[in-house]
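[1] this is a predicted model, with the sequence first.
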Amino acid sequence: MSKPVRTRFAPSPTGFLHVGNVRTALFAYLFAKNQKGSFILRLEDTDRERFVDWGATHIVKSLDWLGLKPDEGVWYTETGEHAPYVQSKRLPNYQEFAEKLIKQGNAYYSYITPEEFQSHKAAAIDTKKPFVYKQNMEPEEHSKETNGYPVRLKVPAGVTKWKDELRGEFETKNELIDDFILIKADGFPTYNFAHIVDDYLMKITHIIRGDEFISSMPKYAALYDLLKIDRPTIVHMPPILGPDGKKKLSKRDGDVDVLEYKEKGYLPEALVNFLALLGWNDGTEQEIFSHDELVKRFSLDRVQKSPAVFDINRLAWMNGEYIRELPTDELLKRLEPFLPASWYKHNDYLTRVVELDKDRIKKLSDAEYLMEIFFTEPKVDKELLTKKDKPEDVENWLEVVASDLKDVEFNHDVIEKALRKLAEAGDINTGNLFYALRIALTGRTEAPGLFDIFATLGKEESLKRLETAKNLL
Ligand code: GLU
């Protein structure tokens, strides 16, 4: 029987979690869930210079918002048999593995000063050779003093083979793999070393991570070999390109803090759906997938290796689709942070307005603008009002409409009938009449259907607005 699948997301708390990182987390999550395995959240906080103390909370909050709860590891409270899942609390583990390598003669305390290191590097640049740092002395000579010196790996001669699940098999001559640092002078391990130790101890079966690590694969492969560790399956994600399809996705194109998407009014389920399709598809034309469908259909062999293009318009479209499908009371709940609290005092009215505008809301943050015409009397622009017809005609229509509607029941069908009859009787172009009425009621050319606007505003408010508009003329 094969081992239970265990994937991990291993962010570094060095700043915001960007959408690119979240897509990596999502693929690791979906694969684990699809395989009925476990998804683990581990914090890689060994870069003490870039560490920020709010990073961990931000990561947890972001994943929680998206519904990507780990089965094990860091969360509001940490759980799991491999705790701690925070690297800074696991230093003895790395030390133990480093000592094993030192004993084997595959690692050493390195006494080279940063200045000497830089001068080696500069020399390589001068001779236009790739810089591969290697020490010539025997390892034993380098392991006499230990305190305050970094530990470097010494890779024996030979070749190192490695495989990326999407991209295939590769091999690298060991002479190209430098003596890279395993444990830094501050006692903290490098990412290069720590993730291998942790993935092994945490029984990770599949590493799914960003493609920026591909170039370091020979180093990792050499380490797996020297530690005699079975390698997990390794998948580097397809890159994400900006909307021009050429450059890597940048901050300007939308690779920002994922919680900014929350603030902008995207639904987490829409963002998850959108990110899942950045580099994966199920082989059909289907675009909208629920969380459960994604879990059911996800497979690594349908992850593409070619770059995915980040198209924010597609996200906006998807978000609109999700909003449209939400039950109204759920939508009202989600809109709460985006609308004035006072609107919620008129719940039935607000419900009607939301139902009217539901199809037009692409982001929750659009709603206030779209709906405010039902809560505050709009400023009507005289030019706009009379754009299609002479002021005296419009004035006349507003007066007739007001007097005709004074005594009718205020619902969509009755109003429609009354207005059409009136247009016919007065030989008025209905398009022009309805245009003027829409402007008079809302001040806008874009608004819900005219008869719905009347019916929703109600008689008193509608007549008041017609009167105000008429007084402009
Ligand atoms: N700490 C690394 C990062 O945040 C994790 C990479 C990996 O998933 O192995 O980029």
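    Nice, thanks for sending it over.

[2] and the strands in the stretch 151-300 of the chain, which stretches?
    151-153, 159-164, 168-173, 181-183, 206-209, 233-236, 240-241 (DSSP state E, counting those that start in this stretch).

[3] elements contacting the fourth one?
    When contacts are defined as 3 or more C-beta pairs under 8 Å, 6 or more residues apart in numbering; DSSP states H and E, strand 181-183 sits against helix 91-104, strand 151-153, helix 191-201. In this view, the C-beta of every residue, glycine as well, is placed from N, C-alpha and C.

[4] mind redoing it with 10 Å?
    helix 91-104, strand 107-109, strand 151-153, helix 191-201 (3 or more C-beta pairs under 10 Å, 6 or more residues apart in numbering; DSSP states H and E).

[5] now the shortest one
    The criterion is 3+ C-beta pairs under 10 Å, 6+ apart, and the helices and strands that strand 240-241 contacts are helix 19-34, strand 308-309.

[6] return the most buried member of these.
    Counting by mean count of other C-beta atoms under 10 Å, helix 19-34 has the highest mean neighbour count of the helices and strands packed on strand 240-241, with a mean of 24.

[7] would you mind writing the CA trace of that helix as CSV?
    Extracted C-alpha coordinates of helix 19-34, given in CSV (Å, rounded to 0.1, in the frame of the first residue of the first chain):
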residue,chain,number,x,y,z
VAL,A,19,-1.9,35.6,-4.3
GLY,A,20,0.9,33.8,-6.0
ASN,A,21,1.8,32.1,-2.7
VAL,A,22,-1.8,31.3,-2.1
ARG,A,23,-2.1,29.5,-5.4
THR,A,24,0.7,27.3,-4.3
ALA,A,25,-1.0,26.6,-0.9
LEU,A,26,-4.2,25.9,-2.8
PHE,A,27,-2.7,23.3,-5.1
ALA,A,28,-1.0,21.6,-2.1
TYR,A,29,-4.3,21.7,-0.3
LEU,A,30,-6.4,20.4,-3.2
PHE,A,31,-4.0,17.5,-3.9
ALA,A,32,-4.0,16.4,-0.3
LYS,A,33,-7.7,16.5,0.0
ASN,A,34,-8.2,14.8,-3.3
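
[8] quick one: the helices in the stretch 151-300 of the chain?
    With DSSP state H, counting those that start in this stretch, the ranges of helices along the stretch 151-300 of the chain come out as 191-201, 217-227, 258-263, 268-276, 291-297.

[9] report pLDDT for the closest residue to the ligand within the stretch 201-350 of the chain.
    Residue of the stretch 201-350 of the chain nearest the ligand, by C-beta to the nearest ligand atom: residue 209 (3.4 Å). With respect to pLDDT, residue 209 scores 98.

[10] in the sheet, who's paired with it?
    In this entry, residue 209 is beta-bridged to residue 236, by DSSP bridges.

[11] can you pull the contacts of the residue in the stretch 1-150 of the chain positioned nearest to the ligand?
    The stretch 1-150 of the chain approaches the ligand most closely through residue 44 (3.6 Å), counting by C-beta to the nearest ligand atom. Shown in contact with residue 44 (C-beta atoms under 10 Å, 6 or more residues apart in numbering): 8, 10-14, 85-88, 189, 191, 194-195, 198.

[12] buried members of the residues you listed into PyMOL, please.
    Filtering the contacts of residue 44 down to the buried ones (16 or more other C-beta atoms under 10 Å) takes a single PyMOL command:
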select buried, resi 8+10+11+12+13+85+86+87+88+189+194+195+198
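
[13] how about the strands of the stretch 151-300 of the chain in a markdown table, adding distance to residue 278 and mean neighbour count?
    Converted to a markdown table, the strands of the stretch 151-300 of the chain look like this (distance: least, C-beta to C-beta, whole Å; neighbours: other C-beta atoms under 10 Å):
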| stretch | distance to residue 278 | mean neighbour count |
| --- | --- | --- |
| strand 151-153 | 35 | 25 |
| strand 159-164 | 18 | 16 |
| strand 168-173 | 22 | 12 |
| strand 181-183 | 33 | 23 |
| strand 206-209 | 14 | 22 |
| strand 233-236 | 14 | 20 |
| strand 240-241 | 6 | 22 |
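
[14] and of the ones you listed, who's closest to residue 266?
    strand 240-241 (16.8 Å; C-beta to C-beta).

[15] residues of the longest helix that the chain contains that come out buried?
    Longest among the helix segments of the chain by residue count, using DSSP state H, is helix 450-472. By neighbour count with 16+ other C-beta under 10 Å, helix 450-472 contains the buried residues 450-457, 459, 462-463, 465-466, 468-470.

[16] show me what contacts the closest residue in space to residue 420 that isn't next to it in sequence?
    Leaving aside its sequence neighbours, residue 420 sits nearest to residue 430 (C-beta to C-beta, 6 or more residues apart in numbering; 6.6 Å). Going by C-beta under 10 Å, 6+ apart, residue 430 touches 419, 420, 422, 423, 424.

[17] buried subset of these?
    Neighbour counting by 16+ other C-beta under 10 Å classes 419, 422, 423 among those as buried.

[18] ok but the last one is inside a helix, no?
    Yes - checked against DSSP: H, G, I helix; E, B strand; the rest coil, residue 423 lies within a helix.

[19] quick one: contacts for it?
    Contact partners of residue 423, counting by C-beta under 10 Å, 6+ apart, are 397, 401, 429, 430, 431, 432, 433, 434.

[20] quickly find the element holding the first one.
    Right, residue 397. Take DSSP states H and E as the rule and residue 397 turns out to sit in helix 391-405.

[21] just the angle between that helix and helix 450-472, please?
    130 degrees (axes from the mean of the first three to the mean of the last three C-alpha atoms, to 10 degrees).

[22] per-residue pLDDT, the most far-flung residue of the chain relative to its centre?
    Computed with C-alpha atoms, centre = their mean, the residue of the chain farthest from its C-alpha average is residue 425, at 56.8 Å. On the pLDDT scale, residue 425 is placed at 94.

[23] please report how far it lies from residue 449.
    22 Å (C-beta to C-beta, to the nearest Å).

[24] same question for residue 405.
    Remark: distance between residue 405 and residue 449 (C-beta to C-beta) = 16 Å.

[25] repeat that for residue 251.
    Per C-beta to C-beta, residue 251 is found 40 Å from residue 449.

[26] in this structure residue 294 contacts residue 68, no?
    No - here residue 294 does not reach residue 68: they are 11.0 Å apart, not a contact under C-beta atoms under 10 Å.
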